[in-house]
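Chemist: All I have is the shape, not the residue letters:
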């Protein structure tokens, strides 16, 4: 769709930054800090003007699962509720919460 064009470059940059953060092998707290600072902010910039398409939200879910250490499939799609339940003092921001 026409509205998706603005998302392609940002989505690639977002994925690249998430993979970079994953490669640092940090703990969950520092991973959340870097994710909120370096990665999701890229998507949120575009989300101010255009609602994210479904494929961007799916990419975001995949990247959240990539960044959360643990066995495959341990983290449900709504990761922030699980992270809050674990007692972490923060959460990973999501683009759908910050979009129009």
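Modeler: Happy to help now that I have it. Here the structure is a predicted model, which is why all the values come from computation and not from measurement.

Chemist: so where is this structure shaky, pLDDT-wise?
Modeler: For the chain, the stretches flagged by pLDDT under 70 are 1-3, 72-90, 96-100.

Chemist: now the helices for it?
Modeler: 5-23, 28-34, 40-47, 54-67, 79-85, 95-98 (DSSP state H).

Chemist: Just name the most buried of those.
Modeler: Comparing the helices of the chain by mean neighbour count (mean count of other C-beta atoms under 10 Å), helix 40-47 ranks first with a mean of 19. For glycine as for every other residue, the C-beta is placed from the backbone atoms N, C-alpha and C.

Chemist: what is the orientation angle of that one with helix 54-67?
Modeler: Helix 40-47 and helix 54-67 meet at an angle of 170 degrees, taking axes from the mean of the first three to the mean of the last three C-alpha atoms, to 10 degrees as the criterion.

Chemist: Distance from helix 40-47 to the middle of the chain?
Modeler: Distance, stretch centre to chain centre, for helix 40-47: 10 Å (C-alpha atoms, centre = their mean, to the nearest Å).

Chemist: what do you get for stretch 42-49?
Modeler: Distance of stretch 42-49 from the chain centroid (C-alpha atoms, centre = their mean) equals 13 Å.

Chemist: Check stretch 52-61 too.
Modeler: On C-alpha atoms, centre = their mean, the centre of stretch 52-61 falls 9 Å from that of its chain.

Chemist: Ignoring the adjacent residues along the chain, who's closest to the spatially most central residue of the chain?
Modeler: Centroid-nearest residue in the chain, with C-alpha atoms, centre = their mean: residue 60, separated by 4.4 Å. The shortest distance from residue 60 to any non-neighbouring residue, by C-beta to C-beta, 6 or more residues apart in numbering, is to residue 95 (5.8 Å).
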